[in-house]
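Asker: sharing a model prediction with you, sequence too.
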Amino acid sequence: MDMAPTTYYVALSGLLFAIGMIGVLTRRTAILIFLSVELMLNAANLALVAFARSWGDLAGQTAVFIVMTLAAAEVAIGLAIIVAIFRKRETTNVDDLATLKG
């Protein structure tokens, strides 16, 4: 079975990263911005795995495991912060959260 060329994976990674960037720039709720950042991290992971496969080196896959671990920690802390802000302000709209006074 033929493997897909690395350029296909990199193109898909670029497309996913662009979708995530558009989501970060256009969305107004903290949850959707958070999900868009996670999509961008996964796009970077896809590119790392694609290059690691094409070069035959495991260093890229090791970096992906580190990034996934950091992303899991980010999810735990980020969602806790979002829930705390929602309980205090009863909104996740970033325009309403622009002033973080008291």
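Answerer: Received the coordinates, thanks.

Asker: switch to C-alpha atoms for all contacts and neighbour counts from now on
Answerer: OK.

Asker: what helices and strands are in contact with the helix or strand harbouring Lys88?
Answerer: In this structure, Lys88 is located in helix 59-89 according to DSSP states H and E. Contacts of helix 59-89 with other secondary structure elements, assessed using 3 or more CA pairs under 8 Å, 6 or more residues apart in numbering; DSSP states H and E, are made with helix 30-55.

Asker: show me how far the helix it packs on is from its chain's centre.
Answerer: Chain-centre distance of helix 30-55: 6 Å, with CA atoms, centre = their mean, to the nearest Å.

Asker: buried residues, that helix. List them.
Answerer: Along helix 30-55, these residues count as buried under the neighbour rule (16 or more other CA atoms under 10 Å): 30-34, 36-52.

Asker: next, the angle from the helix holding Lys88 to helix 30-55.
Answerer: 180 degrees (axes from the mean of the first three to the mean of the last three CA atoms, to 10 degrees).

Asker: what are the contacting residues of stretch 43-55?
Answerer: With contacts defined as CA atoms under 8 Å, 6 or more residues apart in numbering, stretch 43-55 is touched by 6, 9-10, 12-14, 16-17, 58-61, 63-64, 67.

Asker: just the CA coordinates for it, please, in PDB.
Answerer: Extracted C-alpha coordinates of stretch 43-55, given in PDB (Å, rounded to 0.1, in the frame of the first residue of the first chain):
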ATOM      1  CA  ALA A  43      -2.200  21.000  13.500                       C
ATOM      2  CA  ALA A  44       1.300  21.500  14.700                       C
ATOM      3  CA  ASN A  45       1.400  17.900  16.000                       C
ATOM      4  CA  LEU A  46       0.300  16.600  12.600                       C
ATOM      5  CA  ALA A  47       3.100  18.400  10.900                       C
ATOM      6  CA  LEU A  48       5.600  17.100  13.400                       C
ATOM      7  CA  VAL A  49       4.500  13.500  12.900                       C
ATOM      8  CA  ALA A  50       4.500  13.900   9.100                       C
ATOM      9  CA  PHE A  51       8.100  15.200   9.100                       C
ATOM     10  CA  ALA A  52       9.200  12.600  11.600                       C
ATOM     11  CA  ARG A  53       7.800   9.900   9.300                       C
ATOM     12  CA  SER A  54       9.300  11.300   6.200                       C
ATOM     13  CA  TRP A  55      12.800  11.700   7.800                       C
END
